[in-house]
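Student: Quick check, what structure comes out for this input:
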Amino acid sequence: WSGFNVGIGFGNAVESGWLASFVAQIAGCIFWLFLVWYIYRTPTNKSIDESPGKRNSKDADKIAPLPENADVILSVRNLQKNFETPQGPCKKPVVTHALRSLDMDVCRGEVFGFLGHNGAGKTTAMSILAGEILPDGG
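Tutor: Numbering: from 1, shown residues only. From the prediction side, this is the model:
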């Protein structure tokens with residue numbers, strides 16, 4: 001259109017398809033903004049047990065009792081740690097339960113290890129036991 005000395009007006013914008021492209025770009029931006037807003041408004045840390053101190057009665061059967069003459073050098077009961085992290089554009093704090101009711105005993109001469117998937121709280125538990133961070137309970 002530059003050779004015809006005609007600017008972009010409503011009539012030639014429709015004929016050239018420029019207006020349709022512009023409207024499609026605006027609609028796409030609105031769609032993605034809405035999608036991001038919806039994702040950040042939806043809670044992501046839903047869990048089965050919402051109360052961190054609550055224990056399952058079936059778990060007590062899985063723990064082997066200590067021998068009567070056991071020399072316990074480390075005993076941990078109901079160890080808990082929660083982290084609050086801001087998430088999303090509104091920066092609302094989201095509570096992440098790093099440890100929930102950790103119980104363990106370590107006897108003299110015993111070798112033990114922590115096994116678990118990523119994010120299970122192994123490093124958090126060791127950091128609490130080493131005194132690097134403070135627990136929220138236990």
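Student: could you give me the average pLDDT of the longest helix seen in the chain?
Tutor: The residue-count maximum for a helix in the chain (DSSP state H) belongs to helix 18-41. Averaged across helix 18-41, the pLDDT comes to 86.
Student: Mind giving me the packing neighbours of that helix?
Tutor: Counting contacts by 3 or more CB pairs under 8 Å, 6 or more residues apart in numbering; DSSP states H and E, helix 18-41 packs against helix 10-16. All C-beta spots, glycine's among them, are computed from the backbone N, C-alpha and C.
Student: now with 6 Å?
Tutor: Helix 18-41 sits against no helix or strand, with contacts defined as 3 or more CB pairs under 6 Å, 6 or more residues apart in numbering; DSSP states H and E.
Student: and that helix, how far from the chain's centre?
Tutor: The chain centre lies 27 Å from the centre of helix 18-41; the measure is CA atoms, centre = their mean, to the nearest Å.
Student: Show the subsequent helix or strand relative to that helix.
Tutor: strand 72-87 (DSSP states H and E).
Student: Now the element after that following strand, going C-ward?
Tutor: Defined by DSSP H and E, the subsequent element after strand 72-87 is strand 92-107.
Student: list the buried ones in that following strand?
Tutor: 97-102 (16 or more other CB atoms under 10 Å).
Student: I'd like the residues you listed laid out as CSV, including pLDDT and distance to residue 76.
Tutor: As requested, the buried residues of strand 92-107 are exported to CSV (pLDDT from 0 to 100; distance: CB to CB, whole Å):
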residue, pLDDT, distance to residue 76
97, 85, 17
98, 86, 14
99, 89, 10
100, 86, 13
101, 85, 10
102, 87, 6
